[in-house]
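> One predicted model, sequence on top.
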Amino acid sequence: MPRPRSFELVRHENVSELTQLIKKKEKDVRVLKRLYFIRFLYNGLSVEESAENVGIRKSTGYQWLDRWNKEGYDGLAPKFAGGRPSKLSSKQKKELISTLEQRDDWTTKEITALIEDKFGIKYSDKQVSRILRTFGMNFGKPFQKDYRRPKDAEEILKKTQSDR
(Lines give C-alpha, C1' and ligand atoms only; values in the text may rest on other atoms or scores of the structure.)
Protein backbone atom coordinates (compact mmCIF):
# COMPACT_ATOMS: atom_id res chain seq x y z
CA MET A 1 0.00 0.00 0.00
CA PRO A 2 1.50 3.37 -1.01
CA ARG A 3 2.28 5.76 1.76
CA PRO A 4 0.30 9.01 1.85
CA ARG A 5 1.84 12.10 0.28
CA SER A 6 3.46 14.54 2.68
CA PHE A 7 3.18 17.52 0.31
CA GLU A 8 0.40 19.38 -1.41
CA LEU A 9 0.36 19.76 -5.19
CA VAL A 10 -1.82 22.44 -6.73
CA ARG A 11 -2.98 21.33 -10.17
CA HIS A 12 -2.85 24.57 -12.16
CA GLU A 13 -3.12 22.63 -15.42
CA ASN A 14 -4.64 19.29 -16.30
CA VAL A 15 -2.33 16.54 -17.52
CA SER A 16 -2.92 17.21 -21.24
CA GLU A 17 -2.27 20.97 -20.81
CA LEU A 18 0.92 20.17 -18.90
CA THR A 19 2.01 17.87 -21.73
CA GLN A 20 1.34 20.66 -24.24
CA LEU A 21 3.50 23.04 -22.17
CA ILE A 22 6.28 20.47 -22.20
CA LYS A 23 6.05 20.12 -25.98
CA LYS A 24 6.13 23.92 -26.46
CA LYS A 25 9.11 24.45 -24.15
CA GLU A 26 11.45 21.83 -25.61
CA LYS A 27 14.09 24.49 -26.37
CA ASP A 28 14.16 26.07 -22.89
CA VAL A 29 15.95 23.32 -21.00
CA ARG A 30 15.61 24.84 -17.53
CA VAL A 31 11.83 25.21 -17.73
CA LEU A 32 11.50 21.86 -19.49
CA LYS A 33 13.30 20.06 -16.66
CA ARG A 34 11.00 21.72 -14.12
CA LEU A 35 7.91 20.79 -16.12
CA TYR A 36 9.04 17.16 -16.19
CA PHE A 37 9.48 17.32 -12.42
CA ILE A 38 5.90 18.59 -12.01
CA ARG A 39 4.60 15.93 -14.39
CA PHE A 40 6.26 13.23 -12.27
CA LEU A 41 4.43 14.69 -9.27
CA TYR A 42 1.16 14.66 -11.25
CA ASN A 43 1.76 10.96 -11.92
CA GLY A 44 1.89 10.27 -8.20
CA LEU A 45 5.61 10.10 -7.51
CA SER A 46 7.02 11.66 -4.35
CA VAL A 47 9.17 14.78 -4.41
CA GLU A 48 12.24 12.65 -3.66
CA GLU A 49 11.54 10.27 -6.55
CA SER A 50 10.68 13.08 -8.96
CA ALA A 51 13.84 14.96 -8.01
CA GLU A 52 15.93 11.85 -8.55
CA ASN A 53 14.32 11.27 -11.97
CA VAL A 54 15.27 14.74 -13.22
CA GLY A 55 18.66 14.76 -11.48
CA ILE A 56 18.23 17.42 -8.83
CA ARG A 57 18.43 17.53 -5.06
CA LYS A 58 15.38 16.96 -2.93
CA SER A 59 15.58 20.51 -1.51
CA THR A 60 15.52 21.97 -5.04
CA GLY A 61 12.48 19.82 -5.79
CA TYR A 62 10.64 21.25 -2.80
CA GLN A 63 11.54 24.78 -3.95
CA TRP A 64 10.19 24.07 -7.43
CA LEU A 65 7.04 22.54 -5.95
CA ASP A 66 6.52 25.59 -3.75
CA ARG A 67 6.97 27.96 -6.69
CA TRP A 68 4.58 25.87 -8.81
CA ASN A 69 1.96 25.92 -6.07
CA LYS A 70 2.20 29.69 -5.62
CA GLU A 71 2.69 30.91 -9.20
CA GLY A 72 1.93 28.01 -11.52
CA TYR A 73 3.83 27.89 -14.81
CA ASP A 74 5.32 31.38 -14.31
CA GLY A 75 6.95 30.22 -11.09
CA LEU A 76 9.05 27.68 -12.97
CA ALA A 77 10.86 30.27 -15.08
CA PRO A 78 14.33 30.98 -13.68
CA LYS A 79 14.68 34.29 -11.89
CA PHE A 80 18.12 35.75 -12.28
CA ALA A 81 19.40 38.37 -9.87
CA GLY A 82 20.93 41.59 -11.12
CA GLY A 83 24.45 40.83 -9.99
CA ARG A 84 26.98 43.03 -8.27
CA PRO A 85 26.49 46.78 -8.75
CA SER A 86 29.00 48.59 -10.93
CA LYS A 87 31.91 50.41 -9.34
CA LEU A 88 31.38 53.24 -11.82
CA SER A 89 28.41 55.51 -11.17
CA SER A 90 26.13 56.46 -14.05
CA LYS A 91 27.68 59.95 -14.08
CA GLN A 92 31.16 58.44 -14.32
CA LYS A 93 30.00 56.14 -17.15
CA LYS A 94 28.67 59.11 -19.13
CA GLU A 95 31.94 60.95 -18.58
CA LEU A 96 33.88 57.87 -19.72
CA ILE A 97 31.76 57.55 -22.88
CA SER A 98 32.33 61.21 -23.79
CA THR A 99 36.08 60.77 -23.24
CA LEU A 100 36.18 57.63 -25.39
CA GLU A 101 34.27 59.32 -28.22
CA GLN A 102 37.06 61.91 -28.58
CA ARG A 103 39.27 59.26 -30.18
CA ASP A 104 38.51 56.12 -32.13
CA ASP A 105 41.71 54.15 -31.65
CA TRP A 106 41.71 53.22 -27.96
CA THR A 107 43.20 49.96 -26.77
CA THR A 108 41.72 48.03 -23.88
CA LYS A 109 44.85 48.59 -21.83
CA GLU A 110 44.63 52.35 -22.44
CA ILE A 111 40.99 52.42 -21.34
CA THR A 112 41.85 50.37 -18.24
CA ALA A 113 44.58 52.87 -17.36
CA LEU A 114 42.24 55.78 -18.12
CA ILE A 115 39.59 54.47 -15.74
CA GLU A 116 42.17 53.93 -13.02
CA ASP A 117 43.73 57.40 -13.47
CA LYS A 118 40.48 59.34 -13.87
CA PHE A 119 38.20 57.54 -11.41
CA GLY A 120 40.58 55.59 -9.17
CA ILE A 121 38.84 52.30 -10.00
CA LYS A 122 40.86 49.28 -11.02
CA TYR A 123 39.29 46.88 -13.53
CA SER A 124 40.75 43.93 -15.41
CA ASP A 125 41.04 44.18 -19.19
CA LYS A 126 38.29 41.58 -19.55
CA GLN A 127 35.91 43.61 -17.37
CA VAL A 128 36.69 46.75 -19.36
CA SER A 129 35.74 44.90 -22.56
CA ARG A 130 32.43 43.90 -20.92
CA ILE A 131 31.80 47.52 -19.95
CA LEU A 132 32.53 48.65 -23.52
CA ARG A 133 29.99 46.14 -24.84
CA THR A 134 27.33 47.56 -22.50
CA PHE A 135 28.08 50.98 -24.01
CA GLY A 136 27.44 49.51 -27.46
CA MET A 137 31.06 50.02 -28.44
CA ASN A 138 32.95 47.50 -30.51
CA PHE A 139 36.61 46.88 -30.24
CA GLY A 140 39.03 45.12 -32.45
CA LYS A 141 42.49 45.23 -33.85
CA PRO A 142 42.96 48.58 -35.60
CA PHE A 143 44.55 48.99 -39.01
CA GLN A 144 48.26 49.62 -38.89
CA LYS A 145 49.19 53.16 -39.79
CA ASP A 146 52.37 53.59 -41.79
CA TYR A 147 54.21 56.72 -40.74
CA ARG A 148 55.71 57.00 -44.25
CA ARG A 149 52.32 57.20 -45.97
CA PRO A 150 51.64 60.65 -47.47
CA LYS A 151 48.53 62.51 -46.34
CA ASP A 152 47.10 62.58 -49.85
CA ALA A 153 47.69 58.88 -50.59
CA GLU A 154 44.15 58.29 -51.96
CA GLU A 155 44.50 61.16 -54.44
CA ILE A 156 47.87 59.86 -55.63
CA LEU A 157 46.37 56.39 -56.09
CA LYS A 158 43.45 57.80 -58.12
CA LYS A 159 45.85 59.72 -60.38
CA THR A 160 48.01 56.66 -61.03
CA GLN A 161 44.90 54.54 -61.74
CA SER A 162 43.50 57.09 -64.21
CA ASP A 163 46.86 57.42 -66.01
CA ARG A 164 46.80 53.77 -67.06
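The structure has been received and is ready for your questions. Numbers count the residues shown, from 1 in each chain.
> Low-confidence bits of this protein, can you list those?
1-6, 25-27, 139-142, 164 (pLDDT under 70).
> okay, which residue is most central for it?
With distances taken as CA atoms, centre = their mean, residue 80 lies nearest the centre of the chain, 9.4 Å away.
> Residue 60 is in contact with residue 51, isn't it?
Yes - taking CB atoms under 8 Å as the contact criterion, residue 60 and residue 51 are neighbours in contact, 6.7 Å apart. C-beta here means a position set from N, CA and C on the backbone, and glycine is covered the same way.
> contacting residues around residue 92?
Residue 92 makes contacts with residue 119, as judged by CB atoms under 8 Å, 6 or more residues apart in numbering.
> quick one: what helix or strand has it in it?
Assigning secondary structure by DSSP states H and E places residue 92 in helix 90-100.
> okay, now the nearest residue to residue 11 once chain neighbours are set aside: neighbour count?
Distances taken as CB to CB, 6 or more residues apart in numbering put residue 42 closest to residue 11, at 7.1 Å, once the chain neighbours are dropped. When neighbours are counted by other CB atoms under 10 Å, residue 42 registers 16.
> what about residue 42, distance to residue 29?
Residue 42 sits 20 Å away from residue 29, taking CB to CB, to the nearest Å as the criterion.
> domains of the chain?
15-76, 90-134 (automatic domain parsing).
> Pull the number of nearby residues for residue 8.
The local packing count at residue 8 equals 8, with neighbours defined by other CB under 10 Å.
> Pretty sure residue 69 is one of the things it touches, is it not?
Yes - using CB under 8 Å, residue 8 and residue 69 qualify as a contacting pair, with a distance of 6.8 Å.
> what about residue 60 and residue 51, which has more around it?
Relative neighbour count places residue 51 above the other of residue 60 and residue 51, with 22 against 15, counting by other CB under 10 Å.
> Excluding sequence neighbours, find me the nearest residue to the more buried one.
The spatially closest residue to residue 51, leaving aside those adjacent along the chain, is residue 61, at 3.5 Å (CB to CB, 6+ apart).
> quick one: contacts for that neighbour?
Listed by CB under 8 Å, 6+ apart, the contact partners of residue 61 are 37, 47-48, 50-51.
> Now with 10 Å, please.
7, 34, 37-38, 40-41, 46-54 (CB atoms under 10 Å, 6 or more residues apart in numbering).
> in the strand or helix carrying it, what counts as buried?
Taking DSSP H and E as the criterion, the element that holds residue 61 is helix 58-71. Of all the residues in helix 58-71, those buried under the rule 16 or more other CB atoms under 10 Å are 61, 64-65, 67-69.
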